[in-house]
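Novice: Okay, sequence plus prediction incoming.
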Amino acid sequence: MTHPLHRIRDKVENGQRLSFEDGLFLEEQADLFTLGELANLVRERKNGKFTYYNVNTHLNPTNVCVYRCTFCAFRADLKSPKGYVMSDEQILERAAEADRRGATEMHIVGGLHHQLPYEWYLNVVKLIHTHYPRLHLKAYTAVEWDWFHRLTGRPTRDLLAEFKAAGLGSLPGGGAEIFHPEVRDQICEHKADTEAWLRIHREAHQLGLRSNATMLYGHIEKPWHRIDHLIRLRELQDETGGFQTFIPLAFHPDNTKLAAQYNIPRPSVLTDLRVMAVSRLMLDNFPHIKAYWVMLGIKTAQLAQHYGADDLDGTVVHEKIYHDAGSDSPQELTVAEIRRLIEEAGRIPVERDTLYRAVKRDGQRWEAAEPVEAVA
Ligand code: V47
Ligand code: SF4
């Protein structure tokens, strides 16, 4: 009988889809070198030797949140001294700073505030888009869209359309956590469930908005929950083709209830690389896999470029979610630093915009035209 790994290798080399059982075998039994080799084969088939990055900035307009996800160190109670809500002036100042730095994207996510109305979240997008129309606004996770539905009673499809008209550019991939209810119900019981998360991304794709997807790993989930998660994403991508990038997110335990409850350490670099490689191999219909350097740390993000990843995220600046949960990554990387660490990893850096068009710069001016494949 053929060894499972030989069978899987044949499938990968011939561009055939891996099954749930194949994925589980890779998670549980494959050696890391073979995993890296196979993931790299797919990575180079799709993206050559290129590693993409962008010039972006994060905005978390409020950290006050009605939910209590047990893995979250970012949220604050309504009356907590840690809680904040940014004013229009503060938001505009951040957008002005992003513009001055030549950012092409603003990544906007935050808490679901007990008292702020729907119009407040809409205003964040309107305000920035009116003053800085060139900044691509990648805003609000499916959990937030579901919250807006709870606030207004309106269908999420209408809300997405209203935001799109106001300047929304795409959706980030957060809020996916682990889709299987056995885990999801224990770590984020009340927020948007799996069906809602997938439906909202489907609706966004049908409206012509691209989106990303994530998976939070390294806590109480088992390898089969991760494979189940990846297959649910692969099925939706078969249907819509609207996902751009998948980002595996390693659990950061500091200051979280989940870690206190189960005494969970941060996943090892071996787990980080294994999850990255298995994600690349299972998500055969996702164009990009991101090694988010803020979450992985710079060294693992570099290594991950040989375990399936082809993207690093961007300059970031003002990140709170991971730094509140113990990340010791820097707050910001300069473009020169990002390019150097990509080159050091033996890859060729390509600046992209949010929609994966190669960016050309001339001093303060920038232009994004061709899709990255044309450059690659
Ligand atoms: O949804 C929260 C996760 C997500 C912790 O779309 C945690 O390009 C680990 O989705 N340990 C938000 N993870 C971040 C996110 C993201 C990041 C970068 C790029 C993109 C993109 C999306 O962070 C949350 C949750 O899954 N998270 N707390 C924690 N302690
Ligand atoms: Fe709120 Fe998001 Fe934190 Fe959950 S992960 S508690 S929804 S801010």
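Specialist: Here it is on my side, so go on. Ligands and ions are numbered 1, 2, ... in the order given.

Novice: Give me the spatial nearest neighbour of the closest residue to ligand 1 within the chain, chain neighbours excluded.
Specialist: Residue nearest to ligand 1 within the chain: G174 (2.7 Å; C-beta to the nearest ligand atom). (Each C-beta comes from the backbone N, C-alpha and C, glycine too.) Ranked by C-beta to C-beta, 6 or more residues apart in numbering and with sequence neighbours excluded, the top spatial neighbour of G174 is T141, at 3.9 Å.

Novice: is it true that the one you found touches E177?
Specialist: No. Counting by C-beta atoms under 8 Å, T141 stays clear of E177, with 10.4 Å between them.

Novice: For the stretch 51-200 of the chain, which residues are neighbours of ligand 2?
Specialist: For the stretch 51-200 of the chain, the residues in contact with ligand 2 (C-beta under 6 Å from any ligand atom) are C65, Y67, R68, C69, C72, F74, R75, G111, L112, V143, C188, K191.

Novice: now do 5 Å
Specialist: Counting by C-beta under 5 Å from any ligand atom, the stretch 51-200 of the chain comes close to ligand 2 at C65, Y67, C69, C72, R75, G111.

Novice: tell me the SS of the residue nearest to the second one when sequence neighbours are not counted?
Specialist: To tie it back to what came earlier, the one meant is Y67. In space, and not counting its chain neighbours, Y67 is closest to K191: 4.9 Å by C-beta to C-beta, 6+ apart. Secondary structure, DSSP: H, G, I helix; E, B strand; the rest coil: K191 is coil.

Novice: Helix, strand or coil: sort out E195 for me.
Specialist: Look at E195: counting by three-state DSSP, its state is helix.

Novice: pLDDT score assigned to it?
Specialist: pLDDT for E195: 98.

Novice: Give the residue spans of this structure that score low on pLDDT.
Specialist: The model of the chain has pLDDT under 70 over residues 1, 373-376.

Novice: switch to 50 and redo it
Specialist: Within the chain, no range satisfies pLDDT under 50.

Novice: Can you tell me which residues in it are near ligand 1?
Specialist: Within the chain, the residues that sit near ligand 1 (C-beta under 5 Å from any ligand atom) are 71-72, 172-175, 212, 214, 216, 249, 251-252, 292, 321, 325.

Novice: Could you list which of those belong to helices?
Specialist: Of those, the ones assigned to helices by DSSP state H are I321.

Novice: Could you tell me which of the residues of the chain next to ligand 1 belong to strands?
Specialist: N212, T214, L216, L249 (DSSP state E).

Novice: isn't the second one right next to L249, touching?
Specialist: Yes. The criterion here is C-beta under 8 Å, and T214 meets it with L249 at 5.2 Å.

Novice: what residues are shared contacts of those two?
Specialist: Shared contacts of T214 and L249 (C-beta atoms under 8 Å, 6 or more residues apart in numbering): none.

Novice: Name the nearest residue to whatever residue of the stretch 101-250 of the chain ends up closest to ligand 2, sequence neighbours excluded.
Specialist: Nearest residue of the stretch 101-250 of the chain to ligand 2: G111, at 4.4 Å (C-beta to the nearest ligand atom). Once flanking residues are discounted, G111 sits nearest to C65: 3.1 Å by C-beta to C-beta, 6+ apart.

Novice: The one you found: neighbour count?
Specialist: Counted with other C-beta atoms under 10 Å, the neighbours of C65 add up to 22.

Novice: Show me what counts as buried in stretch 232-245.
Specialist: Of all the residues in stretch 232-245, those buried under the rule 16 or more other C-beta atoms under 10 Å are R232, L233, R234, L236, Q237, G242, F243, Q244, T245.

Novice: My read is that H225 contacts H180, right?
Specialist: Yes. Counting by C-beta under 8 Å, H180 is a contact partner of H225 at 4.7 Å.

Novice: measure stretch 55-62 end to end?
Specialist: For stretch 55-62, the separation between the terminal residues is 23 Å (C-alpha to C-alpha, to the nearest Å).

Novice: hmm, I was thinking of stretch 212-228
Specialist: With C-alpha to C-alpha, one end of stretch 212-228 sits 18 Å from the other.

Novice: Check which residues of that stretch are buried.
Specialist: Within stretch 212-228, the residues scored as buried using 16+ other C-beta under 10 Å are 212-221, 223, 225-228.

Novice: tell me the two of the residues you listed that are most distant?
Specialist: Spatially, the most separated pair among the buried residues of stretch 212-228 is N212 and I220, at 23.9 Å (C-beta to C-beta).

Novice: The ones in strands among the residues of the chain next to ligand 1: which two are farthest apart?
Specialist: N212 and L216 (13.7 Å).
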